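**Student:** from the sequence below, what's the structure:
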Amino acid sequence: MKIKKAVIPAAGLGTRMLPATKTIPKEMLPLLDKPVIQYIIEEAVASGIEEILVITNRAKSAMDDYFDYHPELEERLLRDGKIKECEAVRRSADLAEIFYVRQKETKGLGHAIWRAKSFVGNEPFAVLLGDDIMRSQTPVLKQLIDAAEKYNACCVGTQAVADDAVSRYSSLKVSPLEDTIYKVTDMNEKPSPEEKFSNFAILGRYVLTPAIFPILENTPPGKGGEIQLTDGLKQLCLSGHPFVAKEFEGRRYDTGNLCGFLEATLDFALDAPETGDFLREYIKSKA
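**Tutor:** Coordinates of the predicted model:
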């Protein structure tokens, strides 16, 4: 079970980040000197992914443009002696083989993943949500891939969340297999406190098999009137398909909301050599 393909659903409307996302895709908002989605693609590449499909919509052509060559800009940078800047511009276009398909209707995450059926074919594949940035010593997706390959199973990334946060995620019913890896026997989407199976939530990373596609094709709309990926995964799990969860090492940032975006910006800026000392002094001056 080798995972070489990944899908990044990035067709959401970005309503939690309006008005900025009225014309700028939320995935293209700058986190320091790179757009959010570049960090996610870099994680995928560092995990061994070679081909990436980005699910977009009609308003997100900026992502396609960004991961393409820009000969005029590169020529100008070289002419001005800005070698480092030129290398950074070219590097973003050379990260991986990146393809695009549009989700023509906003029908939910499950429908967006179903749109990747032709790209995936008969191979297992990864899913990285376009809002979620992970910081870890070993790429979070690589942690999931290792678990999925070991158990020849689908795998979701998980961490325990607070009681009052479970209703924003998917709750997993699990039993331990080994340290940080669990067998998954059931799950539900955005449960109430009474409905939850556990505080283990699915957080932004998946390794799936093509067995999910016929299920998603026949999954009715669920919470919010959308086709929920969790509903499809629940059916896959209940069918007896091997399914595990990896309690990953690392910090997750939800950059799809303002507070999460600010958390990521501050943490990344404090750790960056170019900005860390400046920002610490600036914060002290405001105390």
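**Student:** find the least confident helix or strand in the chain, judged by mean pLDDT.
**Tutor:** helix 61-66 (a mean of 86; mean pLDDT, DSSP states H and E).
**Student:** after it, next one along is what?
**Tutor:** helix 71-79 (DSSP states H and E).
**Student:** what residues sit buried inside the helix or strand that that next one is followed by?
**Tutor:** Helices and strands here follow DSSP H and E; after helix 71-79, the next one along the chain is helix 83-93. Using 16 or more other Cβ atoms under 10 Å as the test for burial, helix 83-93 gives 85-86, 89, 92. Quick note: C-beta positions are derived from backbone N, CA and C, even for glycine.
**Student:** which one of those residues sits closest to Glu226?
**Tutor:** Checking the buried residues of helix 83-93 against Glu226 by Cβ to Cβ gives Ser92 as the nearest, at 31.3 Å.
**Student:** now the closest one: how far from Gly12?
**Tutor:** Using Cβ to Cβ, to the nearest Å, we find Ser92 at a distance of 22 Å from Gly12.
**Student:** what of Leu208?
**Tutor:** Shown here: Leu208 relative to Gly12, a distance of 19 Å by Cβ to Cβ.
**Student:** what of Asp179?
**Tutor:** For Asp179 relative to Gly12 (Cβ to Cβ), the value is 35 Å.
**Student:** between the two, tell me which one has more neighbours.
**Tutor:** For Asp179 versus Gly12, neighbours defined as other Cβ atoms under 10 Å are more numerous around Gly12 (24 against 6).
**Student:** list the contacts for the more buried one?
**Tutor:** 26, 106, 130-131, 256 (Cβ atoms under 8 Å, 6 or more residues apart in numbering).
**Student:** so which of the residues you listed comes closest to Ile145?
**Tutor:** Closest to Ile145, out of all of the contacts of Gly12 and judged by Cβ to Cβ, is Gly130, at 18.9 Å.
**Student:** tell me, how many residues neighbour that closest one?
**Tutor:** 27.
**Student:** element containing it?
**Tutor:** Assigned by DSSP H and E, Gly130 falls outside every helix and strand.
**Student:** name the nearest residue to it, sequence neighbours excluded.
**Tutor:** Closest residue to Gly130 apart from its sequence neighbours, by Cβ to Cβ, 6 or more residues apart in numbering: Ala10 at 3.7 Å.
**Student:** and the gap between the one you found and Phe197?
**Tutor:** 29 Å.
**Student:** ok, the two, which is more surrounded?
**Tutor:** Ala10 (26 against 17).
**Student:** now stretch 12-29 - C-alpha only, PDB.
**Tutor:** What follows is stretch 12-29, C-alpha atoms only, in PDB (Å, rounded to 0.1, in the frame of the first residue of the first chain):
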ATOM      1  CA  GLY A  12     -15.100  26.400   0.100                       C
ATOM      2  CA  LEU A  13     -16.400  29.900   0.100                       C
ATOM      3  CA  GLY A  14     -14.300  31.100   3.000                       C
ATOM      4  CA  THR A  15     -17.200  32.600   4.800                       C
ATOM      5  CA  ARG A  16     -15.400  32.600   8.200                       C
ATOM      6  CA  MET A  17     -12.800  35.000   6.800                       C
ATOM      7  CA  LEU A  18     -14.900  37.600   5.000                       C
ATOM      8  CA  PRO A  19     -14.600  40.200   3.700                       C
ATOM      9  CA  ALA A  20     -11.000  39.400   2.700                       C
ATOM     10  CA  THR A  21     -12.100  36.100   1.000                       C
ATOM     11  CA  LYS A  22     -14.700  37.800  -1.100                       C
ATOM     12  CA  THR A  23     -12.100  38.000  -3.900                       C
ATOM     13  CA  ILE A  24      -9.000  36.200  -2.400                       C
ATOM     14  CA  PRO A  25      -9.200  32.400  -1.900                       C
ATOM     15  CA  LYS A  26      -8.700  31.700   1.800                       C
ATOM     16  CA  GLU A  27      -6.000  29.200   0.900                       C
ATOM     17  CA  MET A  28      -4.100  32.100  -0.700                       C
ATOM     18  CA  LEU A  29      -4.000  34.300   2.300                       C
END
